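> Below: sequence and its predicted model.
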Amino acid sequence: MSSDLKGIIEALVFISQEPLTIDRIKTVLEGAPGDEVQAAVDELLQDYASSGRGIQVVRAGGGYLLSTRPDHDRWVRRLLQIERKNRLTSASLETLSAIAYHQPVTQAEVSAIRGVDSTYTLKTLLEKKLIKIVGRKKAPGNPLVYRTSERFLQYFGLNSLDELPSEEEIGKILQEEKSS
Amino acid sequence: MPEHSPEPIPSADAAAIPVSAEGRDGYQVRLDIFEGPLDLLLFLIRKKKIDIHDIPIAAITRDYLDYLGRKDEINLDREAEFLFIAALLIYIKSQMLLPRETDLAEQDDPRQVLVNRLLEYQKIKAACSILREKEEDQILQWKRTFLPPLPGESELDFTEVSLFDLAESFFLMMKRRAAEDTRIIKGRDVSYEEKLKELLGLLRDGQVLDFLAYFATQESLEEALVSFFCLLELVKSRQAVAVQDELFQTIRVWLRKDARRAGHHE
């Protein structure tokens, strides 16, 4: 089997809609040694990177998935007849950012950070599955507690919350804004 | 073409603050371009090149109120949020004017609460601009999103059903049972505690329970009712998760991880 490990993994990544994690691959392959799986995945990534193909294997959301190359965006959009892909509204982005850095948080906490009532925005983010409800806080009114979801990571091409913009990156932005 | 309205003539107090080149040109800033009051406040602070740790409250309050006065439509919800911060600014100023016997220690500065909020908000905003770039990158890379998601990846990505959904399914199950032509001869008392123990036993070790199937194994209507109450109780006390993929489909139930670890608590 190991000779075709790369091919099998390619098939799995192809058919998977969500980022396919190494663990998941290992479960499917039942007992394939971890380092061999990782090596095959790395090889697969290299193959795609070097062969000038229209699709690529990317690492996001803690796993691997196939995507089209950025250069081909306009052609894909033409095929799908999509004028412009929707971006998040600035209210949504701001709310997401507040949740990402302060999770787990309640609606009231998010609203306090932003200085703006965030009930509606939270609802939209929930609908988009970019955030999820993880429970209730043991506080008056038992408010719902929110976290960012796996889809959030995938949406921004992050693998884990550790890859959120760091203090240094943020400091750099603030410095630039100050001097501009 | 932006409508021009000249910057208000700075009063003696405000004149002490350097007005940036931008400011002197004078341009209309509409309130709705700001995400909220903190955004507006940060804008004013940056425009006047004020040190965020040493905000001249009186001047910034004047500017702030001036912007509020420029709005051309009234949106009560938004207005309230902007006014709240205005009130906070005025409150801080009043605190600063109060005579004190001893000098203020740094953390006693009435402005500190506001400064902390602004710093945090500023951080969030900066992170937003980085995330926006990442979004731009990602949006060009098309992924396949039309296949159904893989089953069983993580428990938290499911939509948890509400108690109302549960009740609806319950009535459906009741109807199904009623349609079956069964006759119950022997009656047996079913205790809630026993049923709860039985349910918990079934759910232990991360077992996932198909509630519809479980329900079908119940001998009598009474027993079925009690088991349903137990399920409601478990969901209410947040010991168990109940998930229904589609309306009228079965409900899958499992214990929450922390409940599993903590064991059954009375």
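Ah, there it is.
> switch to C-alpha atoms for all contacts and neighbour counts from now on
OK.
> Any stretches of chain B with poor pLDDT?
In the predicted model of chain B, residues B:1-32, B:71-77, B:101-107, B:145-161, B:179-188, B:205-206, B:246-249, B:257-266 satisfy pLDDT under 70.
> residue boundaries of the strands in it?
Secondary structure of chain B by DSSP state E: the strands cover B:209-210, B:240-244, B:251-255.
> Would you mind telling me which of these is nearest B:K49?
Proximity to B:K49 (Cα to Cα) singles out strand B:240-244 among the strands of chain B, at 52.1 Å.
> Quick one: list the elements packing against that closest one.
helix B:221-236, strand B:251-255 (3 or more Cα pairs under 8 Å, 6 or more residues apart in numbering or on different chains; DSSP states H and E).
> Could you pull out the helices in chain A for me?
Here chain A has its helices, by DSSP state H, at A:5-15, A:22-29, A:34-50, A:73-80, A:90-102, A:107-114, A:119-127, A:150-155, A:167-179.
> Could you check the longest one and say which residues are buried?
Taking 16 or more other Cα atoms under 10 Å in any protein chain shown as the basis for neighbour counts, the residues of helix A:34-50 that come out buried are A:V37, A:A40, A:V41, A:L44, A:L45, A:Y48.
> Look at A:E18 and say how many residues are nearby.
Residues near A:E18, counting by other Cα atoms under 10 Å in any protein chain shown, number 25.
> how much space between it and A:Y64?
According to Cα to Cα, to the nearest Å, A:E18 and A:Y64 sit 8 Å apart.
> Please identify the most buried of the helices and strands packed on strand B:240-244.
strand B:251-255 (a mean of 22; mean count of other Cα atoms under 10 Å in any protein chain shown).
> elements contacting it?
Helices and strands touching strand B:251-255, as assessed by 3+ Cα pairs under 8 Å, 6+ apart, comprise helix B:192-203, strand B:209-210, helix B:211-216, strand B:240-244.
> ok, back up a step: out of the helices and strands packed on strand B:240-244, flag the one nearest A:Y155.
Among those, strand B:251-255 sits nearest to A:Y155 (Cα to Cα), with 28.5 Å.
> partners of that closest one, with directions?
strand B:209-210 (antiparallel), strand B:240-244 (antiparallel) (DSSP bridges).
> one step back: of the strands of chain B, which is nearest A:G115?
A:G115 sits nearest to strand B:240-244 of all those, at 33.2 Å, using Cα to Cα.
> angle of the closest one against helix B:192-203?
70 degrees (axes from the mean of the first three to the mean of the last three Cα atoms, to 10 degrees).
> re earlier: next, format the helices of chain A as a markdown table and append mean pLDDT and distance to chain B.
Shown next, in a markdown table, are these (pLDDT from 0 to 100; distance: least, Cα to the nearest Cα, whole Å):
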| stretch | mean pLDDT | distance to chain B |
| --- | --- | --- |
| helix A:5-15 | 91 | 8 |
| helix A:22-29 | 90 | 8 |
| helix A:34-50 | 89 | 14 |
| helix A:73-80 | 86 | 5 |
| helix A:90-102 | 95 | 6 |
| helix A:107-114 | 94 | 6 |
| helix A:119-127 | 92 | 10 |
| helix A:150-155 | 90 | 7 |
| helix A:167-179 | 86 | 6 |
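> As TSV, those helices with distance to B:N116 would be great.
Below are the helices of chain A laid out as TSV (distance: least, Cα to Cα, whole Å):
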stretch	distance to B:N116
helix A:5-15	45
helix A:22-29	41
helix A:34-50	44
helix A:73-80	42
helix A:90-102	15
helix A:107-114	10
helix A:119-127	23
helix A:150-155	27
helix A:167-179	16
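> can you tell me which of those comes nearest to B:L225?
Among the helices of chain A, helix A:119-127 sits nearest to B:L225 (Cα to Cα), with 32.9 Å.
> just the CA coordinates of that closest one, formatted as PDB?
C-alpha atoms of helix A:119-127 as PDB (Å, rounded to 0.1, in the frame of the first residue of the first chain):
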ATOM      1  CA  THR A 119     -26.400  40.900  18.700                       C
ATOM      2  CA  TYR A 120     -27.300  41.100  15.000                       C
ATOM      3  CA  THR A 121     -23.700  40.700  13.800                       C
ATOM      4  CA  LEU A 122     -23.300  37.600  16.000                       C
ATOM      5  CA  LYS A 123     -26.400  36.100  14.400                       C
ATOM      6  CA  THR A 124     -25.000  36.600  10.900                       C
ATOM      7  CA  LEU A 125     -21.700  35.100  11.900                       C
ATOM      8  CA  LEU A 126     -23.500  32.100  13.400                       C
ATOM      9  CA  GLU A 127     -25.400  31.700  10.200                       C
END
